[in-house]
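>>> Curious how this folds, go ahead:
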Amino acid sequence: MSGEAATGEASAPVGEARSFADLHVHTSASYDSLSRPADVLRAAVARGLTHLAITDHETLDGALRAREASPAGLTVIVGQEVRTSGGDMIGLYLSRPVAPGRSPQETAAAIHEQGGLVGLPHPFDRYRGSGGWGRTEAELAGLAEVLDFVEGWNARIMLGDGNVRAAEFALAHGLPAVAASDAHTVMEVGVAYTILPGSPEDGAAMRDALSGARLVTGRASRLVRAGMPLAKLVQRLRGVRRLSLA
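A predicted model of the protein is given here:
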């Protein structure tokens, strides 16, 4: 895979299998994306990804459609970005949707009950409403024991020190950090990704592989991000809206 301006752990020894994973991607099943699952799959293959986590807001529909259509050589991980009472969380390797609106601890427990992995996406993005937790490191420290990984790099963070703080938080609490595109358009798929040793095919193997993660820290362009309001408008007209916890 080209463009590996990577940070993080050392790469795998020569000859050892490696995987290229984007663990935070949205499709048109989300209220803020128009990316068809089939188009997302084509982009992932074209950009050399081997693992792709579809993590739509509050639904598994896009992930399940993508998994059914996944080509050889690309493992689709069924995931969800869950809105909790304290901010967004990522669940990977899910078999059923996780109910939104519960506390972060309850949400993590529900993900782990399915044998899934719990991730903390963009925890210090001050410009992202519910996605940015708006909490101090001390408050987030209470969640460290229920997390399996932290987004140490989110390609959609353009302003502020959110990625730096997230990487420092992961390091301070001994948690694996990953880089993810948080793609809401096809053009963003794989712009940031994580290199992993081996070829993890289930949650347990992925948890082990994350300890040897190497981060490739690309960033989405502002021009691409400018299309977000249009995507939200189109989805609203289709009846697909952001869940409100009020």
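
>>> Excluding chain neighbours, what is closest to residue 127?
residue 159 (6.2 Å; CB to CB, 6 or more residues apart in numbering). Where C-beta positions appear, they are placed from N, C-alpha and C, glycine not excepted.

>>> those helices in this structure, which residues are they?
Using DSSP state H, the helices found in the chain span residues 37-46, 61-69, 104-113, 137-141, 162-172, 203-210, 222-225, 228-237.

>>> for the ones you listed, which one sits closest to residue 82?
For the helices of the chain, proximity to residue 82 was assessed by CB to CB; helix 104-113 is nearest, at 5.4 Å.

>>> Pull that closest one out as CSV, backbone CA atoms only.
The C-alpha coordinates for helix 104-113 follow below in CSV (Å, rounded to 0.1, in the frame of the first residue of the first chain):
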residue,chain,number,x,y,z
PRO,A,104,-20.5,4.5,28.2
GLN,A,105,-19.9,1.7,30.7
GLU,A,106,-23.3,0.0,29.8
THR,A,107,-22.6,0.4,26.1
ALA,A,108,-19.1,-1.1,26.5
ALA,A,109,-20.6,-4.1,28.4
ALA,A,110,-23.2,-4.6,25.7
ILE,A,111,-20.5,-4.7,23.0
HIS,A,112,-18.3,-7.1,25.1
GLU,A,113,-21.3,-9.4,25.7
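
>>> by contact count, what packs against it?
If you count contacts as 3 or more CB pairs under 8 Å, 6 or more residues apart in numbering; DSSP states H and E, helix 104-113 packs onto strand 88-92, strand 117-120.

>>> Need the contact partners of it.
By CB atoms under 8 Å, 6 or more residues apart in numbering, the surrounding residues in contact with helix 104-113 are 82, 84-87, 89, 91, 94, 98-99, 102, 117-118, 143, 146-147.

>>> Can you select the buried ones from the residues you listed in PyMOL?
Filtering the contacts of helix 104-113 down to the buried ones (16 or more other CB atoms under 10 Å) takes a single PyMOL command:
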select buried, resi 82+84+86+87+89+91+94+98+102+117+118+143+146+147
